[in-house]
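Engineer: need a structure here:
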Amino acid sequence: MTSDGEPSIDANVLVPTATAQGVAPAPVAIVVNNLSPQFLWSAQHFARLCAKRENKMVRQGIDNPDRRLQALAIAAILNSAMFLESLVNELFLEAVAAQSATQLSGRLELLGTDATRLLADDWNSNEGAGNHDNIFDKFHKALNLTQKGSLDTGNSTYGRAKMLIKLRSDLVHSKPAPESVGPKRTPKGAMEKKYPGIRLNRQNIGPFWPHKLLGAGVAQWSCETAEVFANEWLDTLDLPHDYAITLENDFPRP
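Structural biologist: Numbering: from 1, shown residues only. Model prediction:
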């Protein structure tokens, strides 16, 4: 927090020191501006607004589709997914920036020089060369390169995170298929089968995609899913939850 009460910029700063003889030049700061806290805060903010609007509509008995409600749910889903992607990218990019520094700082110091170099080399030879890994490959790679174990791909945390990224993709590349609408319950459509176990819009509304799915339930589910997965990954890496510290110190309640 700055002296005038404004939130501080979330950034990791790596400062190389000069070793040449004579008067050392001023060190150049290498700043990695991390956006993951902003994405999660945004997701939580939109989820709260979504719940407020859905609660009002349910109280008033409104069962018509509400595009503003759906927009808030979409914003929560997309920002939750962006939080996860930023989180893993930031670790690799900090490692890349650290190659210009003479000593490690922050969480990279916990990982060590060898692991940091491996993260940087992998990023430069893949993402840096235009070869883009999918998000879960990067989460796995970070653990493998640092020799910190692996993610349990069979547990519910991993399964929900994959479902979140799949939902993000279905929204971004939307290709809705026709679904039956009416008082008689019809068999589950393809989209409903794709997303089991997600809390649905409490309005008496249909079809599943997009009206029944896009509500306060999926908005909150997205935030919770992203944060639980992120924490499990960071814990496996033995790294602190820096994003959560930033949210606590620099952001108002969403």
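
Engineer: now the strands for the chain?
Structural biologist: Residue ranges of the strands in the chain, as given by DSSP state E, are 11-14, 30-33.

Engineer: Would you single out the least confident of these?
Structural biologist: Mean pLDDT values for these show the minimum at strand 11-14, a mean of 55.

Engineer: Please read off the pLDDT at Asn55 from the model.
Structural biologist: At Asn55, the model reports a pLDDT of 98.

Engineer: quick one: average confidence on the lengthiest helix in the chain?
Structural biologist: Criterion DSSP state H: the longest helix present in the chain is helix 67-98. Regarding helix 67-98, the rounded mean pLDDT is 98.

Engineer: Check which residues of that helix are buried.
Structural biologist: Buried residues in helix 67-98, counting neighbours by 16 or more other CB atoms under 10 Å, are found at 69-70, 72-98. Quick note: C-beta positions are derived from backbone N, CA and C, even for glycine.

Engineer: So the nearest residue to Glu85 once chain neighbours are set aside versus Lys148, what's the distance?
Structural biologist: Excluding the flanking residues, the one nearest Glu85 by CB to CB, 6 or more residues apart in numbering is Ile135, at 5.3 Å. For Ile135, the distance to Lys148 equals 18 Å [CB to CB, to the nearest Å].

Engineer: Using CSV, write out every CA atom in stretch 205-212.
Structural biologist: Output in CSV follows, covering the C-alpha atoms of stretch 205-212 (Å, rounded to 0.1, in the frame of the first residue of the first chain):
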residue,chain,number,x,y,z
ILE,A,205,-35.2,-21.3,-16.6
GLY,A,206,-33.8,-23.2,-19.5
PRO,A,207,-32.2,-24.5,-21.6
PHE,A,208,-29.0,-25.5,-19.8
TRP,A,209,-26.7,-23.7,-22.2
PRO,A,210,-26.5,-20.8,-21.7
HIS,A,211,-29.4,-19.9,-19.4
LYS,A,212,-29.3,-22.5,-16.6
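
Engineer: what about it, average pLDDT?
Structural biologist: Here the average pLDDT along stretch 205-212 is 93.

Engineer: which of the residues in stretch 129-137 are buried?
Structural biologist: 133, 135-136.

Engineer: Could I get the full set of helices for the stretch 51-200 of the chain?
Structural biologist: Along the stretch 51-200 of the chain, the segments classed as helices by DSSP state H, counting those that start in this stretch run 67-98, 107-111, 113-125, 135-146, 156-172, 190-194.

Engineer: want to throw these into CSV with distance to Gln44?
Structural biologist: Output for those, formatted as CSV (distance: least, CB to CB, whole Å):
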stretch, distance to Gln44
helix 67-98, 8
helix 107-111, 23
helix 113-125, 29
helix 135-146, 20
helix 156-172, 14
helix 190-194, 25
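
Engineer: for these, which one sits closest to Leu200?
Structural biologist: Nearest to Leu200, of all the helices of the stretch 51-200 of the chain, is helix 190-194, at 9.4 Å by CB to CB.

Engineer: Show me the shaky parts of the stretch 101-250 of the chain.
Structural biologist: 176-187 (pLDDT under 70).

Engineer: Spit out the contact partners of the closest residue to Ser222 other than its chain neighbours.
Structural biologist: Nearest residue to Ser222, sequence neighbours excluded (CB to CB, 6+ apart): Ser80, at 3.9 Å. Applying CB atoms under 8 Å, 6 or more residues apart in numbering to Ser80 gives the contacts 39-40, 43, 164, 168, 222-223, 225-226.

Engineer: List of residues touching stretch 43-51?
Structural biologist: Residues outside stretch 43-51 that contact it (CB under 8 Å, 6+ apart) are 69, 72-73, 75-77, 79-80, 83, 215-216, 219-220, 222-223, 226, 254.

Engineer: Please export the C-alpha coordinates of it as CSV.
Structural biologist: Output of stretch 43-51 as CSV, limited to C-alpha atoms (Å, rounded to 0.1, in the frame of the first residue of the first chain):
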residue,chain,number,x,y,z
ALA,A,43,-13.4,-13.0,-10.8
GLN,A,44,-14.4,-12.7,-7.2
HIS,A,45,-15.8,-9.2,-7.7
PHE,A,46,-18.0,-10.3,-10.7
ALA,A,47,-19.1,-13.4,-8.8
ARG,A,48,-20.3,-11.3,-5.9
LEU,A,49,-22.2,-9.0,-8.3
CYS,A,50,-23.7,-12.1,-10.1
ALA,A,51,-24.9,-13.6,-6.8
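
Engineer: Fine by me, we can end here.
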